[in-house]
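# Kindly generate the corresponding structure for this input.
(one chain, ligands or ions: 1)
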Amino acid sequence: IEPLDVAAIRDEFPILEREFDGQQVVYLDNAATTQTPDAVVDAMSDYYRRYNSNVHRGIHHLSQEASIAYEEAHDRVADFINADGREEIIFTKNTTESENLIAYSWGLNELEPGDRVVLTEMEHHASLVTWQQVAKQTGADVEYIRVDDDGRLDMDHARELIDDDAAIVSAVHVSNTLGTVNPVSELADLAREHGALSIIDGAQAVPNRPVDVSEIGADFYAFSGHKMAGPTGIGVLYGKQELLEEMEPYLYGGGMIRKVTFDESTWGDLPWKFEPGTPPIAEAVGLEAAIDWLEEIGMDRIQAHEEEIARYAYEQLAAEGDVEIYGPEPGPDRGGLVSFNVDGVHAHDLASIMNDHTVAVRAGDHCTQPLHDKLGVPASTRASFYVYNTREEVDAMVEALDDARQLFS
Ligand SMILES: Cc1ncc(COP(=O)(O)O)c(CNc2co[nH]c2=O)c1O
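Residues are numbered from 1 along each chain as shown. Predicted structure coming up:
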């Protein structure tokens with residue numbers, strides 16, 4: 001696979017030129033959010049400057065242009081993840097809202113006492129807390145597929161939990177804490193075999209590798225624009241059309257209706273049934289521009305670059321001798337991030353020292369508190385990579401470790 005021209009890519013991100021205390025920023029917090037290339041910013045500015053209007057096909061040129069752009073952004077997303085069409089693509093605010101849409105529209109209506117909600121121990125709070133609360137409200141039980149010491153899912157345990165009592169299987173595609181790449185097709189197959197719904201949280205996968213939802217076969221797949229070089233304020237819920245047709249909306253208003261009388265209302269076609277009110281129009285334009293930008297580079301090349309940088313970071317950190325790294329060894333089972341702790345140094349102190357060196361990493365629980373409890377640590381430091389990161393930036397991170405040791409350990 002042809003390596004990325006990282007220098008040329010970096011030229012499209014002015015933010016990467018920023019300096020603090022005379023040091024150029026080293027941005028290694030991409031699992032929290034990625035930076036936004038000029039092409040995306042320009043596309044959104046162009047929208048606001050030239051064809052800003054409300055959608056749903058108002059009777060004037062600007063509304064027609066905005067409506068077409070908004071609707072066709074759904075087509076572009078469907079094409080990007082190989083969904084059947086725009087009817088299977090719902091724009092939400094983010095991955096969290098996508099998970100909540102399924103919970104409110106399907107979970108609260110369909111789950112019954114005794115049903116089993118199968119999650120994994122590495123779930124992000126966006127799915128873990130959501131399904132935990134839905135289970136409480138419906139009397140369903142939550143069970144968690146165990147994570148092994150090497151950060152992989154215990155698939156024997158998965159096969160044990162996903163039986164005919166399982167109603168839902170919700171799993172993260174790539175863990176935003178461990179970097180683990182989960183066997184989502186296998187999980188979707190297991191769910192289907194036992195009549196359970198499958199939901200995949202793809203927030204750390206769609207930006208970073210080729211994703212084909214038809215090949216994965218899950219019923220739902222969720223991700224966010226801001227983690228894939230796109231804008232904040234827009235997320236995607238992919239759902240199989242036959243399921244979405246059956247589901248009742250849980251947010252009501254204009255744009256999602258077909259007919260309204262004083263006595264009752266009927267709902268519009270997919271995906272509009274789940275998109276009430278004025279939608280994130282500029283964000284949809286930005287998301288489409290981000291997809292164009294990513295595909296211009298190539299998702300397989302992006303995956304290869306991230307895996308190479310993550311491998312390098314893993315090896316440099318492991319060589320330090322006092323660093324505990326969480327998750328699988330570098331390779332096909334690890335995405336483009338490394339979470340770790342340095343003996344005797346709290347993650348927050350480490351991140352603070354990193355910041356003194358203008359290295360931006362994330363310290364905390366990464367919205368996976370139960371997983372950190374299981375790991376036996378209150379927090380971890382996470383370096384997460386994207387298309388514009390380099391080995392030299394990993395070196396800058398590793399060099400900052402000595403300051404932290406001298407100060408804190
Ligand atoms: C795997 C995963 N699932 C869900 C979410 C939620 O996405 P949102 O709804 O767009 O916020 C995130 C965001 N992860 C992180 C956001 O900040 N630090 C993170 O690790 C994530 O990494």
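# Show me the domain layout of the chain.
6-30+299-408, 41-295 (automatic domain parsing).
# Just put those in JSON lines and tack on mean pLDDT.
Shown next, in JSON lines, are these (pLDDT from 0 to 100):
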{"stretch": "domain 6-30+299-408", "mean pLDDT": "97"}
{"stretch": "domain 41-295", "mean pLDDT": "98"}
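# now those as a markdown table including mean neighbour count?
C-beta here means a position set from N, CA and C on the backbone, and glycine is covered the same way. Putting the domains of the chain into a markdown table (neighbours: other CB atoms under 10 Å) gives the following:
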| stretch | mean neighbour count |
| --- | --- |
| domain 6-30+299-408 | 19 |
| domain 41-295 | 20 |
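# how about those domains, which one is nearest the ligand?
domain 41-295 (3.2 Å; CB to the nearest ligand atom).
# hmm, who's touching stretch 253-271?
55-56, 74, 86-91, 241, 244-245, 249, 252, 272-279 (CB atoms under 8 Å, 6 or more residues apart in numbering).
# Figure out how far that stretch is from the centre of its chain.
31 Å (CA atoms, centre = their mean, to the nearest Å).
# how far does that stretch stretch from start to finish?
14 Å (CA to CA, to the nearest Å).
# same deal with stretch 379-388?
End residues of stretch 379-388 are separated by 26 Å (CA to CA).
# cool, stretch 77-85 as well?
9 Å.
# one step back: in a markdown table: the domains of the chain, plus distance to the ligand.
As requested, the domains of the chain are arranged in a markdown table below (distance: least, CB to the nearest ligand atom, whole Å):
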| stretch | distance to the ligand |
| --- | --- |
| domain 6-30+299-408 | 4 |
| domain 41-295 | 3 |
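# ranges for the helices of the stretch 201-350 of the chain?
Per DSSP state H, counting those that start in this stretch, the stretch 201-350 of the chain carries helices over the ranges 213-216, 241-246, 281-297, 299-318, 347-356.
# Let me have the ones you listed in CSV, adding distance to residue 118 as columns.
Below are the helices of the stretch 201-350 of the chain laid out as CSV (distance: least, CB to CB, whole Å):
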stretch, distance to residue 118
helix 213-216, 17
helix 241-246, 18
helix 281-297, 30
helix 299-318, 27
helix 347-356, 30
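# so where does residue 189 fall, helix or strand?
Following DSSP states H and E, one finds residue 189 within helix 184-193.
# and that helix, what does it pack onto?
helix 155-161, strand 166-172, strand 197-201, helix 213-216 (3 or more CB pairs under 8 Å, 6 or more residues apart in numbering; DSSP states H and E).
# now do 6 Å
On a contact count with 3 or more CB pairs under 6 Å, 6 or more residues apart in numbering; DSSP states H and E, helix 184-193 meets strand 166-172, strand 197-201, helix 213-216.
# Dump stretch 307-324 to PDB, restricted to CA.
Output of stretch 307-324 as PDB, limited to C-alpha atoms (Å, rounded to 0.1, in the frame of the first residue of the first chain):
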ATOM      1  CA  GLU A 307      -1.300   1.000  12.300                       C
ATOM      2  CA  GLU A 308       2.300   1.800  11.400                       C
ATOM      3  CA  ILE A 309       2.300   4.900  13.700                       C
ATOM      4  CA  ALA A 310       0.600   2.900  16.500                       C
ATOM      5  CA  ARG A 311       3.100   0.100  16.100                       C
ATOM      6  CA  TYR A 312       6.000   2.600  16.400                       C
ATOM      7  CA  ALA A 313       4.400   4.200  19.500                       C
ATOM      8  CA  TYR A 314       3.700   0.900  21.100                       C
ATOM      9  CA  GLU A 315       7.300  -0.300  20.500                       C
ATOM     10  CA  GLN A 316       8.900   3.000  21.800                       C
ATOM     11  CA  LEU A 317       6.700   3.000  24.900                       C
ATOM     12  CA  ALA A 318       7.300  -0.700  25.600                       C
ATOM     13  CA  ALA A 319      11.100  -0.100  25.300                       C
ATOM     14  CA  GLU A 320      10.900   2.400  28.200                       C
ATOM     15  CA  GLY A 321      10.600  -0.500  30.700                       C
ATOM     16  CA  ASP A 322       8.300   1.300  33.100                       C
ATOM     17  CA  VAL A 323       5.200   1.700  30.900                       C
ATOM     18  CA  GLU A 324       2.200  -0.500  31.100                       C
END
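# My read is that residue 225 contacts residue 233, right?
No. Taking contacts as CB atoms under 6 Å, residue 225 lies outside contact range of residue 233: 7.5 Å.
# Dump the helix holding residue 189 to PDB, restricted to CA.
Taking Å, rounded to 0.1, in the frame of the first residue of the first chain, the C-alpha atoms of helix 184-193 are listed here in PDB:
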ATOM      1  CA  VAL A 184     -18.100  -7.500  14.500                       C
ATOM      2  CA  SER A 185     -19.200  -9.700  11.700                       C
ATOM      3  CA  GLU A 186     -19.000 -12.700  13.900                       C
ATOM      4  CA  LEU A 187     -20.900 -10.900  16.700                       C
ATOM      5  CA  ALA A 188     -23.600  -9.900  14.200                       C
ATOM      6  CA  ASP A 189     -23.900 -13.500  12.900                       C
ATOM      7  CA  LEU A 190     -24.200 -14.800  16.500                       C
ATOM      8  CA  ALA A 191     -26.900 -12.200  17.200                       C
ATOM      9  CA  ARG A 192     -28.800 -13.100  14.100                       C
ATOM     10  CA  GLU A 193     -28.600 -16.800  14.800                       C
END
